[in-house]
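> Let's see this in three dimensions:
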Amino acid sequence: MTGRPTTGGRRAVRLTLLCLLAVAVVAAGTGCGDTAETSTGGPSIAPPTGFPDDSVATSQAPPASTETDPPAAPAVVNPCDLVTQQEAEQLAGTPLDAPQQVEATCTFTSPPSGPTAQVEVFVGPGAKKILDINRELGHEFRELPGVGDEAYAEDDSVYVNISGQWVSIRLVRLNDPAENRQPLEDLARVVAGRL
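Next up is the predicted model:
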């Protein structure tokens, strides 16, 4: 007895082939859809979705985004571009050395041989922080109407906000602070126009 499978062996081969065929059909049909139970208790294959046949396919628009975009950050501004050498010297009432920039700060200082004077320009969150600290310390401020979105002045400094960009200009000078009031306010208007 060689080469011919027995009846039981043929039946096993047929069952194996049928099982493989059933697995292939189910796998092909359920890759895109779900199986459902028929009234006879056996699985039936649900029609696959995502095909061009309109009777079978369903299209869904992606859900609308409920998130809002964050507000745009203010543009990066070079503090030394906001006040010229001539403007700083006019404010200080004396010749000053060339400006030195460190990150968001630009500082004009007087030479060692001259009178004491310094002009500091701060840009960004640091400028706002200086204003906040000085408010907490009880400094007196006056509003500068018509300058940027909001502007404030105190004896030795001005603070300007335009579209979320804060700038502070601070003057160090050994004179009566009342003499600096109008020049500081004038420079605040000029700087606001450059933002």
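
> Pro111 - nearest residue in space that isn't next to it in sequence?
In this structure, Pro111 finds its nearest non-sequential neighbour in Asp97, 5.7 Å apart by C-beta to C-beta, 6 or more residues apart in numbering. For every residue, glycine as well, the C-beta is placed using N, CA and C.

> What distance do you get for the one you found to Pro177?
The spacing between Asp97 and Pro177, counted by C-beta to C-beta, to the nearest Å, is 23 Å.

> The two: who's more crowded?
Higher neighbour count among Asp97 and Pro177: Asp97, with 15 against 12, using other C-beta atoms under 10 Å.

> can I assume that one is in contact with Pro112?
No. Using C-beta atoms under 8 Å, Asp97 is not in contact with Pro112, being 9.4 Å away.

> export stretch 167-182 as PDB, just CAs?
Provided in PDB are the C-alpha atoms of stretch 167-182 (Å, rounded to 0.1, in the frame of the first residue of the first chain):
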ATOM      1  CA  VAL A 167      10.600  97.900  25.800                       C
ATOM      2  CA  SER A 168      12.100  99.700  28.700                       C
ATOM      3  CA  ILE A 169      14.600 102.700  28.600                       C
ATOM      4  CA  ARG A 170      16.400 103.500  31.800                       C
ATOM      5  CA  LEU A 171      18.500 106.600  32.400                       C
ATOM      6  CA  VAL A 172      21.200 106.800  35.000                       C
ATOM      7  CA  ARG A 173      22.300 110.400  35.500                       C
ATOM      8  CA  LEU A 174      23.300 112.600  38.400                       C
ATOM      9  CA  ASN A 175      20.900 115.500  38.000                       C
ATOM     10  CA  ASP A 176      17.400 116.500  39.000                       C
ATOM     11  CA  PRO A 177      15.100 113.700  37.700                       C
ATOM     12  CA  ALA A 178      12.500 116.400  36.600                       C
ATOM     13  CA  GLU A 179      15.000 117.500  33.900                       C
ATOM     14  CA  ASN A 180      14.800 114.000  32.300                       C
ATOM     15  CA  ARG A 181      11.000 113.700  32.300                       C
ATOM     16  CA  GLN A 182      10.300 115.200  28.800                       C
END
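
> Go ahead and name everything in contact with it.
77, 79, 82-83, 91-93, 115-123, 126-127, 130-131, 153, 155-161, 184, 187-188, 191-192, 195 (C-beta atoms under 8 Å, 6 or more residues apart in numbering).

> what about 7 Å?
For stretch 167-182, the surrounding residues in contact (C-beta atoms under 7 Å, 6 or more residues apart in numbering) are 82-83, 91-93, 116-123, 127, 130-131, 155-160, 184, 187-188, 191, 195.

> do the same with stretch 184-195
Contacts of stretch 184-195 (C-beta under 7 Å, 6+ apart): 77, 82-83, 87, 91, 144, 147-148, 151, 153, 158, 160, 162, 165, 167, 169, 171.
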